[in-house]
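Enquirer: what shape does this take:
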Amino acid sequence: MKLVFAGTPEFARASLEALVASGRTPIAVYTQPDRPAGRGKKLTASPVKRYALEHGIRVFQPETLRDDAAIEELRALQPDLLVVAAYGLILPQAVLDIPTHGCVNVHASILPRWRGAAPIQAAILAGDSKTGISLMRMTAGLDCGPVFHIADITIGHEETAGELHDRLATLGASALVEQLDDIVTGRLEAVDQDDSLATYAPKIDKQDAEIDWDLTAAEIAQRVRAYNPFPGAFTHDRDTRLKIWRATPADGSGEPGEVLRFDRDAIVVACGDGALSLDELQLPGKRRAPAREFAGQTDLSGRRLG
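Expert: Model prediction:
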């Protein structure tokens, strides 16, 4: 079977690695163009590109798949199947029609819940108790194609988006290689989604991660988890931005944003309902630090954050 893979970040690399390990090495990989990254803004290859080059797989990096040249380039490969995982580019119908057996997507949610770009963060933000992955046949709509297979997992009470991402990447990769043959042969039939149950997870913007202290302690704790590691929940102490990497609800009350306690044993801030213990924080130019260490770097006593 002539397989083509399309994906970009670490989530996608896990599926590509599983395909190669199972003896289904793609004839080509599509991934987004190299992007500036890090403090030096050096052009950096995606995790999928790096893995593909290490294994001698041909790499394509079109800016878009909507122009005729890119479409004809893919058509010339004569793929039997296109597997997609967090590619980041919209696939027009002309592309979806090329592979003999269509296009299969590895999506990090239990569809139709959390269609869109940020399903992992959305599940944590909503306080969902479980999430999972869906293997779906791609259509022209946003994550609305019929579903071949779902695998679910429980979300840990203190699990961050980064930690959940890693578990879902592994789950998706395993499900893909286990179900792929049945998908291609037709032994596994896809079931239409119930559009009336659909929810959406838009792309995360950095400003989404600013803490609103009027929210409840539980809601803010969910946001801290959902935005770890990207973009990182933050608040302000006057003109200084403070990143908050881990936090848990705590006893206490006061004006939202008021620092109720600041010492080496605890940093507690009042919320709209309840209070929040800030367990891991970061000052600009400093490394992440547990509360005990952070308390030696600055003094927030009596301050009001936000």
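
Enquirer: just give me the longest strand of this protein.
Expert: strand 240-250 (DSSP state E).

Enquirer: I'd like the average pLDDT over it.
Expert: Across strand 240-250, pLDDT averages out at 97.

Enquirer: again with stretch 282-301
Expert: pLDDT averaged over stretch 282-301 gives 94.

Enquirer: next, the buried residues of that stretch.
Expert: Of all the residues in stretch 282-301, those buried under the rule 16 or more other Cβ atoms under 10 Å are Gln282, Leu283, Ala289, Ala291, Phe294, Ala295, Leu300. (Glycine included, C-beta is placed from N, CA and C.)

Enquirer: repeat that for stretch 164-177.
Expert: 164-165, 167-177.

Enquirer: just the ones of those in strands?
Expert: Those of the buried residues of stretch 164-177 lying in strands (DSSP E): none at all.

Enquirer: before we move on, the earlier item: the buried residues of stretch 282-301 in helices, which ones?
Expert: Ala291, Phe294 (DSSP state H).

Enquirer: between the buried residues of stretch 282-301, which is nearest Ala28?
Expert: Gln282 (40.6 Å; Cβ to Cβ).

Enquirer: let me see the contact set for the closest residue to that closest one other than its chain neighbours.
Expert: Excluding the flanking residues, the one nearest Gln282 by Cβ to Cβ, 6 or more residues apart in numbering is Lys243, at 4.2 Å. The neighbours of Lys243, taking Cβ atoms under 8 Å, 6 or more residues apart in numbering as the test, are Gly232, Ala233, Phe234, Leu281, Gln282, Arg288.

Enquirer: which one of the buried residues of stretch 164-177 is nearest to Phe11?
Expert: Distances from Phe11 to those, taken by Cβ to Cβ, are shortest for Ala169, at 4.6 Å.

Enquirer: contact partners for the closest one?
Expert: Residues in contact with Ala169, defined by Cβ under 8 Å, 6+ apart, are Glu10, Phe11, Arg13, Ala14, Ser15, Ala108.

Enquirer: restricted to strands, list the residues you listed.
Expert: Using DSSP E, none of the contacts of Ala169 sit in strands.

Enquirer: out of the residues you listed, what pair is the most spread apart?
Expert: Farthest pair in those, by Cβ to Cβ: Arg13 and Ala108, 13.7 Å.

Enquirer: got a list of contacts for stretch 74-85?
Expert: 1-7, 11-12, 15-16, 19, 26-28, 30, 60, 65, 91, 95, 98-106, 138, 172, 176, 180, 184.

Enquirer: could you rerun that using 6 Å?
Expert: 1-7, 12, 15, 28, 98-101, 103-106 (Cβ atoms under 6 Å, 6 or more residues apart in numbering).

Enquirer: stretch 61-69 now?
Expert: Contacts for stretch 61-69 (Cβ under 6 Å, 6+ apart): Thr31, Pro33, Ala70, Leu89, Leu91, Pro92, Val95.

Enquirer: number of residues surrounding the first one?
Expert: To tie it back to what came earlier, the one meant is Thr31. 28 (other Cβ atoms under 10 Å).
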